[in-house]
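>>> next come a sequence and a model predicted from it.
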Amino acid sequence: MIRLFIFLAFLLIVDIYSFQAIKTVSKKKVRLTYILINGILYFLLFFQIFFIENVRESALLTYNFTLLFILFVSKTILIIFLFPEDILRVIKFLFSKIQNKKINNSRRKFISNLSLAVAAIPIPIMIHGITRGRYNFKVVNHEIGFKDLPKSFDGYTITHLSDFHCGSFESRSKLKYAINLVNEQNSNLIAFTGDFVNNTFTEILPWIDEFKKINSKDGKFSILGNHDYGDYYDWGNEENKKLGFKKLIEIQNELGFKVLRDESVHIKKNNEKISLVGVENWGDGFKKKGDIDKAINDLDESDFKIVLSHDPSHWDKILVDHKEKFNLTLSGHTHGMQFGIEIPGFIKWSPVKYRYKYWAGLYKRSNQFINVNRGFGVLGFPGRVGIWPEITVIKLKKV
């Protein structure tokens, strides 16, 4: 609770400071409108935090917080412009006192107008990310060569999906479009790497008919992400939580997904095989439940292994340096932070790179590969800017 009040106090300070630019260039009615809008948003935030039981399930909270976030970004840009001038104003004030001279030390309208113009730029970009960017599904293709790939699997394709976050879905037509796009890839196998929901199995129920339509020749396999365990939801008691988790697994099975929980399966073709290994969530800073040794207990060292592990930090911290060789690992979790800049061949950046070394796309280390899917749905911020929802198609090649 103390952290919450510190956070709100910080937001208030940002608001008061950025208001100085508004005050310099606007009339009284504009100032009052600004104060009224911010007051309503903060009132709704307080009301939801203190009076709504399951605040994480509140769509109103999501959009209220989103508006506050968009405005916060703009206000931060304002402060970046205003702060240097205020330092100069303080210096001028001190010199005027030393020299006992009167000076005009008011804020310049030019600086306020410029800062407001620049601060307004993120607003339409982020609104676009909410209304269109979150549905801008991209098919990303990777072809990866392996010397030890069984010959029968040369050209084998895997559609890698991750982070549905069903609680974030709003448009049935957009979901149908995305699932049709998945099926158009006509891959041999579907691999889903966790976070089917935000919090509870009930989020899947409105979308069951759509998810049943996902097709695959050799099956659909999934693992659990940190959100699938129900740890971020108030269940009332432990028994309800266990029942909710059990129901989540059952629903995935009904949808045709085989949920791999620290276990492996063989995909066979022409008397040859590859091993698909699925582990429970293991994340640096998150639940560390996955047991890779248990998952590969029945495998041979020579088996060609594809690991499904939700959090890419598992690959970085454990898998890539394991005594066993894992040819390919498929992960998700980061969402690419749903915000960044990507121009293939020129730039690939998101703030999430400062938290995760491997955060989006294909990486190679120690002759092993990891693909980090940018995610299918959204979480928190209900949009995407520059980091689009992803359907990955991976073709395995014998080299």
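Yep, that arrived.
>>> CA only for contacts and neighbour counts going forward, please
Noted.
>>> so what's the closest residue to T76 other than its chain neighbours up against?
Spatial nearest neighbour of T76, excluding adjacent residues (C-alpha to C-alpha, 6 or more residues apart in numbering): V14 at 7.3 Å. Neighbouring residues of V14 by C-alpha atoms under 8 Å, 6 or more residues apart in numbering: F72, K75, T76, I79.
>>> quick check: the farthest pair among these?
Spatially, the most separated pair among the contacts of V14 is F72 and I79, at 10.4 Å (C-alpha to C-alpha).
>>> which of the two has more residues huddled nearby?
I79 (21 against 17; other C-alpha atoms under 10 Å).
>>> gap between the nearest residue to E301 once chain neighbours are set aside and L71?
Using C-alpha to C-alpha, 6+ apart and skipping the chain neighbours, the partner closest in space to E301 is E324 (6.6 Å). According to C-alpha to C-alpha, to the nearest Å, E324 stands 49 Å off from L71.
>>> out of those two, which sits in the busier spot?
The neighbour comparison of E324 against L71 (other C-alpha under 10 Å) goes to L71, with 18 against 15.
>>> which non-adjacent residue is nearest that one?
Using C-alpha to C-alpha, 6+ apart, the closest residue to L71 is I123 (7.7 Å).
>>> ok, the one you found touching I70?
Yes: under the criterion of C-alpha atoms under 8 Å, I123 makes contact with I70 at 6.4 Å.
>>> the more surrounded of these two?
I70 (18 against 15).
>>> next up, the contacts around the more buried one.
Neighbours of I70 in contact, by C-alpha under 8 Å, 6+ apart: P122, I123, M126.
>>> burial count for the first one?
The reference is to P122. The burial count for P122: 15, using other C-alpha under 10 Å.
>>> so what's it closest to, chain neighbours aside?
Nearest residue to P122 in three dimensions, chain neighbours excluded: S74, at 6.7 Å (C-alpha to C-alpha, 6+ apart).
>>> now the strands for the stretch 1-150 of the chain?
Assigned by DSSP state E, counting those that start in this stretch, the strands in the stretch 1-150 of the chain fall at 138-146.
>>> any low-confidence regions in it?
Counting by pLDDT under 70, the stretch 1-150 of the chain shows low-confidence ranges at 1, 4, 48-61, 103-107.
>>> chain center to stretch 369-384, what's the gap?
4 Å (C-alpha atoms, centre = their mean, to the nearest Å).
>>> stretch 149-156 now?
32 Å.
>>> could you report the pLDDT at the residue nearest the centre of the chain?
Geometric centre of the chain, nearest residue: H335, 2.9 Å, by C-alpha atoms, centre = their mean. Per-residue pLDDT puts H335 at 98.
>>> F346: how many residues sit nearby?
7.
>>> repeat for A360
27.
>>> for E170, same thing?
Under the neighbour criterion other C-alpha under 10 Å, E170 is assigned a count of 9.
>>> how about it, phi and psi?
phi -130, psi -30 (degrees, to the nearest 10).
>>> tell me how far it lies from K212.
From E170 over to K212 (counting by C-alpha to C-alpha), the distance is 18 Å.
>>> circling back: correct me, but the residue nearest to the centre of the chain touches N373?
Yes: applying C-alpha under 8 Å as the test, H335 and N373 come out as touching, 7.3 Å apart.
>>> common neighbours of these two, please.
A360.
>>> returning to what we had before: make a markdown table out of the contacts of V14 and add distance to E272.
Putting the contacts of V14 into a markdown table (distance: C-alpha to C-alpha, whole Å) gives the following:
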| residue | distance to E272 |
| --- | --- |
| F72 | 56 |
| K75 | 60 |
| T76 | 58 |
| I79 | 63 |
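>>> which member of the residues you listed is positioned nearest N281?
So of the contacts of V14, ranked by how close each gets to N281 (C-alpha to C-alpha), first place is F72, at 33.0 Å.
>>> which stretches of the stretch 151-300 of the chain form strands?
Using DSSP E, counting those that start in this stretch, strands in the stretch 151-300 of the chain cover 157-161, 189-192, 220-222, 257-259, 263-269, 272-278.
>>> nearest to K294, of the ones you listed?
strand 263-269 (6.9 Å).
>>> I'd like the distance from the closest one to the chain centre, please.
Put simply, strand 263-269 sits 30 Å off its chain's centre (C-alpha atoms, centre = their mean).
>>> report the buried residues of it.
For strand 263-269, burial by neighbour count (16 or more other C-alpha atoms under 10 Å) applies to E263, S264, V265.
>>> how is the chain divided into domains?
2-120, 138-398 (automatic domain parsing).
>>> dump those into CSV; add distance to T131 as well.
Below are the domains of the chain laid out as CSV (distance: least, C-alpha to C-alpha, whole Å):
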stretch, distance to T131
domain 2-120, 12
domain 138-398, 7
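>>> so which of those domains is the most packed in?
domain 138-398 (a mean of 19; mean count of other C-alpha atoms under 10 Å).
>>> quote the end-to-end distance of that domain.
Across its full length, domain 138-398 reaches 26 Å end to end, with C-alpha to C-alpha as the criterion.
>>> do the same with stretch 348-355
Criterion C-alpha to C-alpha; first-to-last residue distance in stretch 348-355 is 15 Å.
>>> centre of the chain to that stretch, how far?
Counting by C-alpha atoms, centre = their mean, stretch 348-355 comes out at 12 Å from the chain centroid.
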